[in-house]
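Trainee: below are the sequence and a predicted model for it; my questions follow.
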Amino acid sequence: MSLEENKAIVRRYREIYNTNQLDQLGEVLAADFTPHTLLPDVPRTLAGIKMVHQGTLAAFPDLRTTTEDLIAEGDKVVERWTQTMTHTGIAMFGAPAGSGKKIKTTGISLYRIASGKIVEHWANMDFVSVLHQIGAMPSPG
Amino acid sequence: MTTPEENKAIVRRYQEAYNTNQLDDLDHVVAADIKTPAMLPGFPHGLQGIKQLQRMTVDAWPDAHVTIEDLIAEGDRVAARITVSATPQKEAFGVPPTGKSFKIGGMYIVRIANGKIVEHWGVEDAIGIMQQLGLMPGPGAN
């Protein structure tokens, strides 16, 4: 696999999320992938990550992630992303349903790719800023 | 232009300067006007702000240590997957000392120009710090 092919796999992964077509994740995600930063209670399966995404969309139906940069070397691709969402759905992080809060956050994901599929995944996001913007934590300063 | 391997060496030196608290060494690998979109509010711009943040970190978390777990480089950028560990001894960043240590994951990306880091984006598992210190319920706790 070339670096550009690996980047294309990550772009497809992101598109599947943004269009909420997680049934198609099998195209780009290996069945036995290792998600290193998934919440501990969530099953380490496709069903587990679907559950997380549907839960997020239930609170933030317009969730959108934009890939800002891709950095590839060997079998790894790093994605820097920004995310926007509006809290128009169910209650979340202490905010009542439909609070209308607009949230913008950032994150970085790392993917390892083997035989054309993502086999390992790490991600970090600025979750504290989400809690600040939704009002669950006091803002700094 | 430096090669991706040279850029990785710059990032290793940058991290070593932090881990040994040799802030003068940062002058060799960080541009004075570095852009840091993820910087905490209230700090000056550029290298000056980075040094101020590091002094505050070491003062409150004297054993703070960052381990580079992976480096991925392409073009003028280097991404680092890191582990951060520390035992808070003083209140800082809204984190009080509890006698406990934490170990969390994080990632950052830097852009390098003329042999120095000119831009830095970083995210780390800040919630994990609060959970491991017992200041916030963990994901499994109910």
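Mentor: Structure's in. What do you need?

Trainee: separation between the closest residue to A:Ser99 other than its chain neighbours and chain B?
Mentor: In space, and not counting its chain neighbours, A:Ser99 is closest to A:His87: 4.8 Å by Cβ to Cβ, 6 or more residues apart in numbering or on different chains. Any C-beta I mention is one placed from the backbone N, CA and C, and that applies to glycine too. A:His87 sits 18 Å away from chain B, going by Cβ to the nearest Cβ, to the nearest Å.

Trainee: low pLDDT regions in chain A?
Mentor: A:140-141 (pLDDT under 70).

Trainee: of all the residues in it, which ones are close to chain B?
Mentor: Neighbours of chain B within chain A, by Cβ under 8 Å from any Cβ of the partner chain: A:3, A:36-37, A:39-41, A:69, A:71-74, A:76-78, A:80, A:106-108, A:110, A:122, A:124-128, A:140-141.

Trainee: run a quick neighbour tally on the residue nearest to A:Ser99.
Mentor: Neighbour count of A:His87, defined by other Cβ atoms under 10 Å in any protein chain shown: 25.

Trainee: got it, and A:Ala97?
Mentor: Neighbours of A:Ala97 (other Cβ under 10 Å): 12.

Trainee: I'd say it and A:Ala91 touch.
Mentor: Yes - contact criterion Cβ atoms under 8 Å: A:Ala97 and A:Ala91 qualify, at 4.7 Å.

Trainee: can you map out the helices along chain B?
Mentor: Here chain B has its helices, by DSSP state H, at B:4-19, B:26-29, B:46-60, B:126-132.

Trainee: my bad, chain A
Mentor: So, for chain A - with DSSP H - the helices run A:3-18, A:46-59, A:127-134.

Trainee: max-length strand in chain A?
Mentor: If you go by DSSP state E, chain A has its longest strand at strand A:102-114.

Trainee: re earlier: to chain A, which of the helices of chain B lies closest?
Mentor: Chain A sits nearest to helix B:126-132 of all these, at 4.8 Å, using Cβ to the nearest Cβ.

Trainee: quick one: the closest one to chain centroid distance?
Mentor: Here helix B:126-132 is found 16 Å from its chain centre; the criterion is Cα atoms, centre = their mean, to the nearest Å.

Trainee: show me what contacts B:Ala64?
Mentor: B:Thr57, B:Val58, B:Val84, B:Ser85, B:Ala86 (Cβ atoms under 8 Å, 6 or more residues apart in numbering or on different chains).

Trainee: go again using 10 Å as the cut-off
Mentor: B:Tyr18, B:Asn19, B:Asn21, B:Gln54, B:Thr57, B:Val58, B:Val84, B:Ser85, B:Ala86, B:Thr87, B:Pro88 (Cβ atoms under 10 Å, 6 or more residues apart in numbering or on different chains).

Trainee: got phi/psi on it?
Mentor: Here is the backbone geometry of B:Ala64 (degrees, to the nearest 10): phi -60, psi 130.

Trainee: could you do B:Pro37 as well?
Mentor: phi -60, psi -20.

Trainee: tally of neighbours for it?
Mentor: B:Pro37 has 9 nearby residues by other Cβ under 10 Å.

Trainee: what packs against the helix or strand of chain B with the lowest mean pLDDT?
Mentor: Within chain B, confidence by mean pLDDT, DSSP states H and E is lowest for helix B:126-132 among all helices and strands, at a mean of 92. Packing contacts for helix B:126-132, counted by 3 or more Cβ pairs under 10 Å, 6 or more residues apart in numbering or on different chains; DSSP states H and E, involve strand A:117-125, helix A:127-134, strand B:77-86, strand B:102-113.

Trainee: how about CSV for these, with distance to A:Arg64 added?
Mentor: CSV is the format used below for those (distance: least, Cβ to Cβ, whole Å):
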stretch, distance to A:Arg64
strand A:117-125, 14
helix A:127-134, 14
strand B:77-86, 23
strand B:102-113, 21
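
Trainee: the ones you listed into a markdown table, with extra columns for mean neighbour count and distance to A:Gln21?
Mentor: Formatted as a markdown table, these follow (neighbours: other Cβ atoms under 10 Å in any protein chain shown; distance: least, Cβ to Cβ, whole Å):
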| stretch | mean neighbour count | distance to A:Gln21 |
| --- | --- | --- |
| strand A:117-125 | 20 | 16 |
| helix A:127-134 | 19 | 24 |
| strand B:77-86 | 21 | 28 |
| strand B:102-113 | 20 | 27 |
